[in-house]
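Peer 1: Got a sequence here, can you model it:
(2 chains)
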Amino acid sequence: AQTVTQSQPEMSVQEAETVTLSCTYDTSESDYYLFWYKQPPSRQMILVIRQEAYKQQNATENRFSVNFQKAAKSFSLKISDSQLGDAAMYFCAYRRDRGGANSKLTFGKGITLSVRP
Amino acid sequence: GAVVSQHPSRVICKSGTSVKIECRSLDFQATTMFWYRQFPKQSLMLMATSNEGSKATYEQGVEKDKFLINHASLTLSTLTVTSAHPEDSSFYICSAQDRGPNTIYFGEGSWLTVV
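Peer 2: Numbering: from 1, shown residues only, chains lettered A, B, ... in the order given. A predicted model of the protein is given here:
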């Protein structure tokens, strides 16, 4: 079974600084997707970034980038120039590259990120 | 972008009654939808996978008769909490898979309070 581990329950960053959120996963599959989701106080799940396992290049979305280490099964999220609006709970998630019921997301426990003004 | 609408956003019901939560994909067809439960400051726990036109697949430990899931059309799945009890109070979230771009979209979630 696939597992996703986020070992840090909480992190804090100064506004405008950079922070890295860690995530490791375990799978025997070769094709899969990895995601970081943001859940603000509104509870709406927002997709931050997505990485396909077959791609060697790390995904980037504006201030958000990942460090994807496939061999190490590591998938960290870097937030640059942190803003107050980045404060939220962040979830790392895994999904097999299959359709239907096999496309379910497996989530880590999440990390609460606070941003200090 | 694609939108998944969940309704109601908040509902209060009396213990022993049933309550239905709807999940609709507004601009795409979703053959697969997922239902999650989330406790405060915890992760999303997958309850079941809903496939259009067939029975839902429930995760281990989730009571099928308690949480009835119906996926009658390509744009609508419903979760009915039957004979609700206070311990069923929680935040429930649905998500739907858009096969085209192979992307999963989340609804806004529903707060259920059983009194």
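Peer 1: What sits closest to the residue of chain A found nearest chain B if chain neighbours are left out?
Peer 2: Chain B sits closest to A:Met45 of chain A, with a gap of 3.9 Å, by Cβ to the nearest Cβ. Just so you know, the C-beta spots here come from the backbone N, C-alpha and C atoms, and that holds for glycine as well. Leaving aside its chain neighbours, A:Met45 sits nearest to B:Phe106 (3.9 Å; criterion: Cβ to Cβ, 6 or more residues apart in numbering or on different chains).
Peer 1: Low-confidence stretches in the chain?
Peer 2: Looking at chain A here, since you left the chain open. For chain A, applying pLDDT under 70 flags the ranges A:98-102.
Peer 1: think we crossed wires, I meant chain B
Peer 2: In chain B, residues with pLDDT under 70: B:1-2, B:101.
Peer 1: go again using 80 as the cut-off
Peer 2: In the predicted model of chain B, residues B:1-2, B:99-102 satisfy pLDDT under 80.
Peer 1: Name the residue closest to the centre of it, please.
Peer 2: B:Trp35 (3.8 Å; Cα atoms, centre = their mean).
Peer 1: Kindly report the residues of chain A close to chain B.
Peer 2: Proximity of chain A to chain B is confined to A:42-45, A:89, A:91, A:95, A:99-101, A:103-105, A:107-110, A:112 under the rule Cβ under 8 Å from any Cβ of the partner chain.
Peer 1: Show me which of those are buried.
Peer 2: The neighbour-count criterion (16 or more other Cβ atoms under 10 Å in any protein chain shown) marks A:43-45, A:89, A:91, A:95, A:101, A:103-105, A:107-110 among the residues of chain A next to chain B as buried.
Peer 1: If you drop the residues flanking it in sequence, what lies closest to B:His7?
Peer 2: Nearest to B:His7 is B:Glu22, by Cβ to Cβ, 6+ apart, at 4.9 Å.
Peer 1: How about the helix or strand containing the one you found, which residues are buried there?
Peer 2: Assessed by DSSP states H and E, B:Glu22 sits inside strand B:19-25. Using 16+ other Cβ under 10 Å as the test for burial, strand B:19-25 gives B:19, B:21-25.
Peer 1: now do stretch B:63-82
Peer 2: B:67-69, B:71, B:75-79, B:81.
Peer 1: Among these, which one lies nearest to A:Gln69?
Peer 2: Checking these against A:Gln69 by Cβ to Cβ gives B:Ser77 as the nearest, at 36.4 Å.
Peer 1: quick revisit: would you mind listing the two of the buried ones among the residues of chain A next to chain B that lie farthest apart?
Peer 2: A:Met89 and A:Ala101 (26.1 Å).
Peer 1: show me what contacts the closest residue to A:Tyr54 other than its chain neighbours?
Peer 2: Residue nearest to A:Tyr54 in three dimensions, not counting chain neighbours: A:Asp31, with 6.3 Å by Cβ to Cβ, 6+ apart. Going by Cβ atoms under 8 Å, 6 or more residues apart in numbering or on different chains, A:Asp31 touches A:53-54, A:96-97.
Peer 1: residue in chain B nearest to chain A?
Peer 2: Closest point on chain B to chain A, by Cβ to the nearest Cβ, is B:Phe106, at 3.9 Å.
Peer 1: mind checking the SS state of the residue most central in space within chain A?
Peer 2: Nearest residue to the geometric centre of chain A (Cα atoms, centre = their mean): A:Trp36, 2.8 Å. Under DSSP: H, G, I helix; E, B strand; the rest coil, A:Trp36 falls in the strand class.
Peer 1: surely it meets A:Glu61?
Peer 2: No - A:Trp36 sits out of contact with A:Glu61 when judged by Cβ atoms under 8 Å, with a separation of 9.5 Å.
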